[in-house]
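Undergrad: here's my sequence, what's the structure:
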Amino acid sequence: MTVRIPPIEAPYPSEGVAAVLRRMMPGEQEPIALFRLYARNVPLAEALHGWGSYELSRRLSLGLRDREIVIDRTCALCGCEYEWGVHIARFASHAELTDAQISSLTHGSSVDPCWTTERDRLLLDAADALHTHHDLDDPLWDRLSDEFGPEQLLDLLMLCGWYHAISFTARATRLTSEAGAPQFRDFLPTSREAP
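TA: Next up, the predicted model:
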């Protein structure tokens, strides 16, 4: 599969591109392909950096585990192995997601036995409903409202939508996985995990 818009490679064409990439990638790490793709349009990359920084920061009212469940599920539902792989590689262990939970996020559902808290199941159900119906029905909204406050619900809705947009970009441009990133097939369910 040919990448439709190749990410920019170093040396970067301008200091503006180099500067935005330094802001987008923490520390001295090389920028991932998605960031180098967005850097083809510096004003877009600048705007995305602001929003993306919020979504991955402690300012988000959802905790790391909540955030990663929503992101991983959304990317899997969108078939976006690129962004799913980035998040599994960088954040799954910090979010204390087990291999069975990663498998379920990728191939299963909230009724899989690996989900032992209502909060985790609700996040999967919300991501599923937003992906499939682009809405949350009243019973699901009521269940979510019992667990999450208004600030968290707004963050949940926007987080799910944000990662739909990221998934659309990565898939439509045929972005290839980062070196060493896991793939969907690495987390196929075992017979014990299957629903």
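Undergrad: which stretches of this structure form helices?
TA: Remark: helices assigned in the chain by DSSP state H are 15-24, 33-38, 42-55, 64-77, 81-91, 99-107, 118-133, 138-147, 150-172.
Undergrad: do you know which of those helices lies nearest residue 189?
TA: Residue 189 lies closest, by CB to CB, to one member of these: helix 99-107, at 4.9 Å. Heads up, the C-betas are built off the backbone N, CA and C, glycines and all.
Undergrad: could you say what helices and strands that closest one packs with?
TA: Contacting helix 99-107 under the criterion 3 or more CB pairs under 8 Å, 6 or more residues apart in numbering; DSSP states H and E are the following elements: helix 64-77, helix 118-133.
Undergrad: looking at the helices of the chain, which is buried most?
TA: Here the criterion is mean neighbour count by mean count of other CB atoms under 10 Å, and of these the winner is helix 64-77, at a mean of 24.
Undergrad: give me the angle between that helix and helix 118-133.
TA: Between helix 64-77 and helix 118-133, the angle comes out at 30 degrees (axes from the mean of the first three to the mean of the last three CA atoms, to 10 degrees).
Undergrad: that older thread, make JSON lines out of the helices of the chain and add distance to residue 187.
TA: As requested, the helices of the chain are exported to JSON lines (distance: least, CB to CB, whole Å):
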{"stretch": "helix 15-24", "distance to residue 187": "27"}
{"stretch": "helix 33-38", "distance to residue 187": "21"}
{"stretch": "helix 42-55", "distance to residue 187": "23"}
{"stretch": "helix 64-77", "distance to residue 187": "9"}
{"stretch": "helix 81-91", "distance to residue 187": "8"}
{"stretch": "helix 99-107", "distance to residue 187": "4"}
{"stretch": "helix 118-133", "distance to residue 187": "15"}
{"stretch": "helix 138-147", "distance to residue 187": "26"}
{"stretch": "helix 150-172", "distance to residue 187": "17"}
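Undergrad: would you list these in TSV and tack on distance to residue 190 and mean pLDDT?
TA: Output for the helices of the chain, formatted as TSV (distance: least, CB to CB, whole Å; pLDDT from 0 to 100):
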stretch	distance to residue 190	mean pLDDT
helix 15-24	37	94
helix 33-38	31	98
helix 42-55	32	95
helix 64-77	17	98
helix 81-91	17	98
helix 99-107	8	98
helix 118-133	19	98
helix 138-147	29	98
helix 150-172	26	98
